[in-house]
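[1] sequence-free structure coming up:
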């Protein structure tokens, strides 16, 4: 989980599988849920049987890369494996080569890998490996927007940001350790460590803004539309708002490693205007849409899927439906949900339990806060053995359950802001847990992004009716195609829609 997009040199937040949570991991995950950062990363419970070491894309000539194939394979595996789409990879590799020639280090070596993840993400390693998820490719509307993301990542490499960040972190750690251990002043050492974290965060955010500025200049020198950076970040912000249900993208706190999207949009738009007026450079929209036509969209059914208010996981054989008013998302470690105003949230994940361990013990072991006295109860839920409890925090009230289905133990948590007990909605949710209907499982097919041509008289609403999405088809169509509400469609123009 984490931010929707991490254009960063740091280790990525991979989109892995819905794995059993450890005791210490329970509270941070729920804390993220309550903060409103509903993650964008899909998950599943079952690992894929095997992973081949991905083949590299065409690359520029230059220095040899230092990252081992084993490390590369592990990273790719954490994002669901390599996504095979020759036409898409060819376009992204061509764009990369064109950008590299426009940088101050045209001799650098780069290799592009497409990742089979619906997460909107891209990142670079100091070795020159670039990674782009299919989720990001689905969101971009033209070649200049993808080029803007790649230019940002290449800027991180050419500016040696990873090395500088590592040196600052090591230096900060060393100063804190010397003060605490050698000078026997742990209080001052702790204060310095806190200050160094802020300095590192500020440094990281400054790096992001620097990479944005350099990336826009590189974009223009390569002949692409420099305003593509602002368009993509705007689409990213709109997507974040759709996922959080807040109507606006959330901004990071003071220790966030990335500046707010609004700040970044302002910066890249200003940088583009210094280069020239809109219309400068090419966007190659038609070429881009042709290259991504037919790529996978959203969750892989084998990893669990969301269909409206229902979550289905064929591999685990389970399904449930959330109460009216909730929207849900399948993330790396859990299924997360929220109501539109954010006053109620929920979490579903898998937890570890030892043979012979009582479910009441599992519940207490995976919950770091106080359970309301007398509320812990062993009972049957939806025909399965379960333990349920109530917990009250300062600002939230929680209903908790751990449910054993066969040999697997799941946890279901619903939180309501304030002192209101969400017991009614919680019971409806937990009682909806059931074995998945095999016939329904067979109907779950991967979603695809296809490019269609608008006919005479077609509107946003008529094309949005073709969209197979969990909710808000019109809003999602607009975001996917970079359109504002009320914008007319042009007959003969191509647009993206999501279909089965």
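    Noted; the coordinates are in hand. This one's a predicted model, so the numbers in the text were calculated from it and none came from an experiment. Numbering: from 1, shown residues only.
[2] quick one: which helix or strand includes residue 95?
    Per DSSP states H and E: residue 95 is located in helix 86-101.
[3] after the strand or helix carrying residue 320, next one along is what?
    Element membership of residue 320, judged by DSSP H and E, is strand 318-321. Using DSSP H and E, the helix or strand that directly follows strand 318-321 along the chain is strand 326-330.
[4] beyond that next one, next helix or strand please.
    Downstream of strand 326-330, the next assigned helix or strand under DSSP H and E is strand 335-339.
[5] so how far is that following strand from its chain's centroid?
    15 Å (C-alpha atoms, centre = their mean, to the nearest Å).
[6] give me the angle between that strand and strand 326-330.
    160 degrees (axes from the mean of the first three to the mean of the last three C-alpha atoms, to 10 degrees).
[7] okay, buried residues for stretch 291-305 please.
    Buried residues in stretch 291-305, counted by 16 or more other C-beta atoms under 10 Å: 291-293, 295-301, 303-305. Glycine gets a C-beta too; all of them are placed from N, C-alpha and C.
[8] with distance to residue 389 added, can I get the residues you listed in CSV?
    Formatted as CSV, the buried residues of stretch 291-305 follow (distance: C-beta to C-beta, whole Å):
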residue, distance to residue 389
291, 52
292, 47
293, 50
295, 44
296, 40
297, 39
298, 34
299, 31
300, 34
301, 33
303, 30
304, 26
305, 30
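[9] what is the nearest of these to residue 269?
    Checking the buried residues of stretch 291-305 against residue 269 with C-beta to C-beta, the nearest one is residue 292 at 25.0 Å.
[10] circling back: name the strands paired with the strand holding residue 320 and say parallel or antiparallel.
    Here strand 318-321 is paired, per DSSP bridges, with strand 310-313 (antiparallel), strand 434-435 (antiparallel).
[11] quick one: closest of those to residue 210.
    strand 310-313 (40.8 Å).
[12] what about the closest one, distance to the chain center?
    Relative to its chain's centre, strand 310-313 lies at 19 Å (C-alpha atoms, centre = their mean).
[13] over to stretch 293-308?
    Chain-centre distance of stretch 293-308: 14 Å, with C-alpha atoms, centre = their mean.
[14] quick one: end-to-end length of that stretch, please.
    Taking C-alpha to C-alpha, to the nearest Å, stretch 293-308 runs 25 Å from one end to the other.
[15] what mean pLDDT does it have?
    Mean per-residue pLDDT for stretch 293-308: 86.
[16] ok, residues contacting that stretch?
    17-18, 42-46, 80, 83, 85, 88, 116, 118, 134, 137-138, 311-316, 328-330, 335, 444-451, 469-471, 498 (C-beta atoms under 8 Å, 6 or more residues apart in numbering).
[17] ok, residue 310 - contacts?
    Applying C-beta under 8 Å, 6+ apart, we find residue 310 in contact with 319, 320, 321, 322.
[18] what's stretch 313-320 in contact with?
    For stretch 313-320, using C-beta under 8 Å, 6+ apart, the contacting residues are 44-46, 301-305, 310-312, 348, 405, 408, 410, 429-430, 432-437, 440-441, 444.
[19] in helices, which of those residues fall?
    429, 430, 440, 441 (DSSP state H).
[20] circling back: neighbour-wise, give me the winner out of the contacts of residue 310.
    Each of the contacts of residue 310 was scored for neighbours by other C-beta atoms under 10 Å, and residue 322 scores highest at 24 neighbours.
[21] what about the residue nearest to that residue when sequence neighbours are not counted, distance to residue 82?
    Excluding the flanking residues, the one nearest residue 322 by C-beta to C-beta, 6 or more residues apart in numbering is residue 309, at 4.9 Å. Distance, residue 309 to residue 82, by C-beta to C-beta, to the nearest Å: 33 Å.
[22] next: residue 474.
    Taking C-beta to C-beta, one finds residue 474 at 33 Å from residue 82.
[23] higher neighbour count, those two?
    Using other C-beta under 10 Å as the criterion, residue 474 and residue 82 rank with residue 82 on top: 20 against 16.
[24] now the more buried one, what are its backbone angles?
    Note on residue 82: backbone dihedrals following degrees, to the nearest 10 are phi -80, psi 140.
[25] so residue 72: helix, strand or coil?
    helix (DSSP: H, G, I helix; E, B strand; the rest coil).
[26] pLDDT wise, what is it at?
    81.
[27] just to revisit the earlier point, residue 207: which of the buried residues of stretch 291-305 is nearest?
    Nearest member of the buried residues of stretch 291-305 to residue 207, counting by C-beta to C-beta, is residue 292, at 29.4 Å.
[28] dump the strands paired with strand 318-321 into CSV; add distance to residue 94 as well.
    Formatted as CSV, these follow (distance: least, C-beta to C-beta, whole Å):
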stretch, distance to residue 94
strand 310-313, 38
strand 434-435, 48
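[29] just those strands: most buried one?
    A comparison of the strands paired with strand 318-321 by mean neighbour count, using mean count of other C-beta atoms under 10 Å, puts strand 310-313 on top with a mean of 22.
[30] in the next helix or strand after the helix holding residue 95, what's buried?
    For helix 86-101, the following helix or strand on the C-terminal side (DSSP H and E) is strand 111-115. Residues 111, 112, 113, 114, 115 are the ones in strand 111-115 that count as buried (16+ other C-beta under 10 Å).
[31] same check, this time on stretch 355-375
    359, 360, 362, 363, 364, 365, 366, 367, 371.
[32] what of stretch 451-461?
    Neighbour counts over stretch 451-461 (16+ other C-beta under 10 Å) mark 451, 454, 458, 460 as buried.
[33] same question, stretch 439-450
    For stretch 439-450, by 16+ other C-beta under 10 Å, it's 444, 447, 448, 449, 450.
[34] ok, now how distant is the second one from residue 470?
    Going from residue 447 to residue 470 by C-beta to C-beta gives 10 Å.
[35] pretty sure residue 137 contacts residue 289?
    No. Counting by C-beta atoms under 8 Å, residue 137 stays clear of residue 289, with 10.9 Å between them.
[36] more neighbours, the two?
    Taking other C-beta under 10 Å, residue 137 and residue 289 do not tie; residue 137 has more neighbours (26 against 20).
[37] can you name the residues in contact with stretch 209-217?
    Under C-beta under 8 Å, 6+ apart, the answer for stretch 209-217 is 7, 148, 151-156, 158-159, 161, 226, 229, 259, 263-264, 267-268, 271-272, 275.
[38] start and end of stretch 444-464, how far apart?
    20 Å.
[39] so where is the stretch 201-350 of the chain shaky, pLDDT-wise?
    Applying pLDDT under 70 to the stretch 201-350 of the chain flags residues 201-204, 244-259, 332.
[40] that older thread, quick one: the buried residues of stretch 451-461 as JSON lines, columns for distance to residue 93 and secondary structure too.
    Formatted as JSON lines, the buried residues of stretch 451-461 follow (distance: C-beta to C-beta, whole Å; DSSP: H, G, I helix; E, B strand; the rest coil):
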{"residue": "451", "distance to residue 93": "21", "secondary structure": "strand"}
{"residue": "454", "distance to residue 93": "30", "secondary structure": "coil"}
{"residue": "458", "distance to residue 93": "34", "secondary structure": "coil"}
{"residue": "460", "distance to residue 93": "33", "secondary structure": "helix"}
